[in-house]
Structure formats: structure tokens, C-alpha cells
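# Below is the structure, and that's it, no one-letter string:
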């Protein structure tokens, strides 16, 4: 394929991703399904087609996607929910993969145990992107949002580590439980260690992270470097290295980077994530024609059995495990429970987590949609694996069934169950934190005023004090309004809405005046960009609507 053809493919892919994103925003349909269907349709058109290379997926697609997810996650929440995270992202993934391994090797002709476990590892981890997107719109409680997010982060690492072990076992032809467990432990421990070392190396490079461009460059190469180092000689888990590094770096970012660096880095990663996920789903769809063509070598009965076994394990094991863990003794540390302070009871001086309710278990069971990780992981499996095309087809069916079936019905289910986030409590917490931050700033002004200073500094201190006191008064009035309202919804304040409207109108007027200066030749374009960027940052902090 010529460079010109590749360039046309890339331009066409970006155009399709943008259009599908617009359609998704208007209709609420899952973007992953639309992109995959678009890729399928393209695969049947005459002309050249692209083929996914597992090395490219493993090295250049999965690490950035996992790293970005880790940056957006909470290290403290994962620590607080460690029992739940282990139950869902480690134990459940291993059980799903092993059960599918046994089922596939028993029911599908020619399949080995390593083959079945490799497929099981690919389809075991739910992708939280679709579930979280729908759950947040439906008002899913923060406790369940945290569980879905934490599960979706570490289950990828567990599954892909297990996948590499299964691939190595099939390649070496010596699959045994002792050997597999030993490789898994060494791979996981090495990955965690390299992830920690990578994070502390990045922390050591704090001077570079103060510059936005250097911070962006460092952020982009970090997951690739962590993955490459861990995967050298194929001994350690590059996925775990990326996830652990991302969790620690994301936790440290507010302390070790400037505001400008954080804004720019976050924007860059949103773009990378947007394009990579879209491109993966498109490319997966393009492979469907070849996958179906490869199924000609399989009897229809074998295809039906393989798909039925795969879907059966994926759809039934998750709710079964969630129900069983609620019945297990607490001492086994596998029962799921809440993590927030108001969800905890103190008995005999010890904190006891309340188990999930039946409604929460139902919602969490239905949040097991599979997505980009499953589709990307199954293409890591080498072509020489027994029943390779059948495995890829089974994984594709799992993604389509869960995305379409569970993805489209998740929001109605959440509403029917009556699970709603307490938005008033969240708004109260945020306004209390804002008030505390302003009080800390006023105390700092007092300290500055006590130091040696001149009249100019007095004026600056007094000006800043008045601005902070206005903000503090606004937050206090907002808290008083929240206390007066008994509903779970955030009350709307006419004064607050009016203030937002006035501030937006002022910013618009300033921007228009700067443009008039530029158009009249009184202001150079480079100066306009500097001043406009200042207004953009002011506009960025204004909420789109008064949520909190």
C-alpha cells in the first residue's frame, strides 16, 4: 500500500469518526457500534483494505488508551475499594477466562485449553466507557460509578497479562497450571515494579513538567516507554506497568505540574483517546469480511456452538459472581461493598462496609459491556492459533451483543431501578471545598500583610481580599440554599444564573472588541491570540449550566 493510499485512509477515517461522533451526540447510539458497522460496510466495497497488525495494536494503541484511563482514575478510590477491585477486576476476570477456556476446549473441535483461555482473556474485561457514558447521563450513584471505573481500569491489565501467558503457553506447547500461575505472578509483579519506577522517574523530571510542551511530550512517551521496558524479552506485563504508572502520575499531577501544562495535556489526551478508539473500531469492522470468509472452513454447527458457549459464559458468569460475593463471609474479602464514609458503619471500633443492595447488583451486572479492549486484544492472538478466525468472530459477537443489547437498555434499567445520584450532596461537598480554599487564601493574605511590605502591596492585598470575600459570600449563599431544599436535585439560583449570564456576556464583549481592533489593523494577530487565550481560560471555568 502506497503512502498516498495510507494518507487517504487516515483522512477518511478521521472524517468518519467526526461524523459518527456527531450522530452519537444527536441520537445517543453507541459510537463503537456505528463505527464498527461503518467499517463492515466499507470492507465489502471494492478496493484496498487495511489489516490490523497485532504488534501495532499491542505497542501503539493499547498503552495510550490504558494510560489515559489511568490518569483519569483515582488512586485513593482504588485503595479504598481494594477488596471490590480485586473481586471484579482480578478474580472475576480469571474465573471468566478459565470457564470459557474449559468450555471452548471441550465443545469446540480442535480447540486447546490455551486457545480457550486466550479467547476468555480477550472477552472477560468489560469496557467501562459505554456503561459510564450512559450511567452518568442516567444519574447513576457515585458509588457505582467508582466501582465501574475501578473495575474497567485494572481488569484490562489482568486480562491482557493472562492473554500473554496463554499465548506463550500455546507457542511453547507446555500449558500447565503451575507453569501458567508462575508466569502470571512474575509477569504481574514485574509490571507493577516497572510501573512504580516509571512514575517516580517522571516525578524526578518535575522541572520539565512545568513547561506545557515538555509536559505533553513527556506524557505521550511515558506509556510507550513503560510498556516497552516491561515487555522486553516478553517477561513482564507492559499493561500493568502502564496502568500503575498512570495511576501514580495522575495522583501526583496536581502537585507537580502547572495549570497550563494540565490544561494542554488533558486536551491532547482527549484527542488521542478520541481518535485511537474510533480508528480501532473502524479497523475492526474492516476485518469482518476476512473473518467471515475464514469461517467457511468451519461447519455452521461449530460456529453456533462456539458463539453460544462464549456468549453464555460472558453473560451469565458476571451476575452469578456478583450475587455469590454478596453471600460470602466478610472474612474472605471478596464481598462487594460501598466505599464512601456515609456507607460505612462502625462496630466494636472497626469500620464495616455495607454490601451492595439488590438494585445496585442488578445495575452493576448490566454494566458489563465489552468494547475496544476486547476487540484490540483478540487481534493480538497470532494467526497460527487453532480456530483463530472463529475466536475473533466470537469476540466480535460478544462486543456487538453487549454494546447493543446492554448499552441501549442500561439507562432505562437504571431509571426503572430508581438508582439516582444525590446531586445535592455532591454540590454541597464541592461548595464546602471551595469555601475552604477561599478561607485558606484569606489566611495567606493575612500572613503576607504581617510581613514587610509597602503601600503598593497594601493596595494589591486589599483588592485581592475584596475579590475573595465576594467569592466566599457567593459560596455561603449557595450552601444556605442547598440546606433549605430537601430534594436530591441541585436547586437553581436566579442570582447565580444571572451572574453566569453577565460574566459570559462580558467575555463575549471583550472578545468582539479585540477582534475589531485586529480587523482595524490596531492589534497584531499574535497579540490577539495571547489576549484571546486569557479570555478562553476565564470562559473555561464557567459552567455550562448551574449544576453546582
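Now that the structure is in, tell me what you want to look at. Every value quoted in this text rests on a predicted model; they were computed, and no experiment measured them.
# Any chance you could list what contacts stretch 14-34?
Contacts with stretch 14-34, where a contact means C-beta atoms under 8 Å, 6 or more residues apart in numbering, come from 35, 38, 129-130, 274-275, 277-279, 281-282, 371-372, 399-400, 403-404, 407-408. Bear in mind the C-beta positions are built from the backbone N, C-alpha and C, glycine included.
# And for stretch 196-208?
209, 214-215, 218, 222, 225-226, 229, 241, 244-245, 248-249, 252, 256.
# again with stretch 436-443
Residues from elsewhere that reach stretch 436-443 (C-beta under 8 Å, 6+ apart): 465, 468-469, 471-472, 475.
# Try it again at 7 Å.
Here stretch 436-443 makes contact (C-beta atoms under 7 Å, 6 or more residues apart in numbering) with 465, 468, 471-472, 475.
# Tell me the buried residues in that stretch?
Residues residue 438 are the ones in stretch 436-443 that count as buried (16 or more other C-beta atoms under 10 Å).
# from the chain's centre, how far out does it sit?
Offset of stretch 436-443 from its chain centre (C-alpha atoms, centre = their mean, to the nearest Å): 33 Å.
# and that stretch, average pLDDT?
For stretch 436-443, mean pLDDT is 81.
# burial of the residue nearest to residue 499 when sequence neighbours are not counted, as a residue count?
In space, and not counting its chain neighbours, residue 499 is closest to residue 474: 7.6 Å by C-beta to C-beta, 6 or more residues apart in numbering. By other C-beta atoms under 10 Å, 18 other residues sit near residue 474.
# before we move on, the earlier item: any of the contacts of stretch 436-443 buried? List them.
Looks like those have 468, 472, 475 buried, using 16+ other C-beta under 10 Å.
# so what does the helix or strand where the last one lies touch, helix or strand wise?
By that I understand residue 475. Residue 475 is located in helix 455-484, with elements delineated by DSSP states H and E. Contact analysis of helix 455-484 by 3 or more C-beta pairs under 7 Å, 6 or more residues apart in numbering; DSSP states H and E lists helix 423-450 as its packing neighbours.
# Could you tell me the angle between the helix it packs on and helix 455-484?
Between helix 423-450 and helix 455-484, the angle comes out at 160 degrees (axes from the mean of the first three to the mean of the last three C-alpha atoms, to 10 degrees).
# Please enumerate the strands of the protein.
Ranges of strands in the chain, per DSSP state E, are 344-347, 350-353.
# which stretch in these has the least confidence?
Across the strands of the chain, strand 344-347 has the smallest mean pLDDT, namely a mean of 44.
# low-scoring stretches of the stretch 51-200 of the chain, by residue?
Residue ranges of the stretch 51-200 of the chain with pLDDT under 70: 52, 54, 128-139, 172-180.
# Let me know how buried the nearest residue to residue 214 once chain neighbours are set aside is, in neighbour terms.
Closest residue to residue 214 apart from its sequence neighbours, by C-beta to C-beta, 6+ apart: residue 208 at 4.4 Å. Using other C-beta under 10 Å, residue 208 has 15 neighbouring residues.
# Looking at residue 208 now. What's its pLDDT?
With respect to pLDDT, residue 208 has a value of 77.
# For ChimeraX, what selects the buried ones among the contacts of stretch 14-34?
Here is the ChimeraX command that selects the buried residues among these (16+ other C-beta under 10 Å):
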select :35,38,129,130,275,277,278,279,281,282,371,372,399,400,403,407
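# any idea how far the nearest residue to residue 146 once chain neighbours are set aside is from residue 85?
Nearest residue to residue 146 in three dimensions, chain neighbours excluded: residue 77, at 5.2 Å (C-beta to C-beta, 6+ apart). To residue 85, residue 77 is 9 Å away according to C-beta to C-beta, to the nearest Å.
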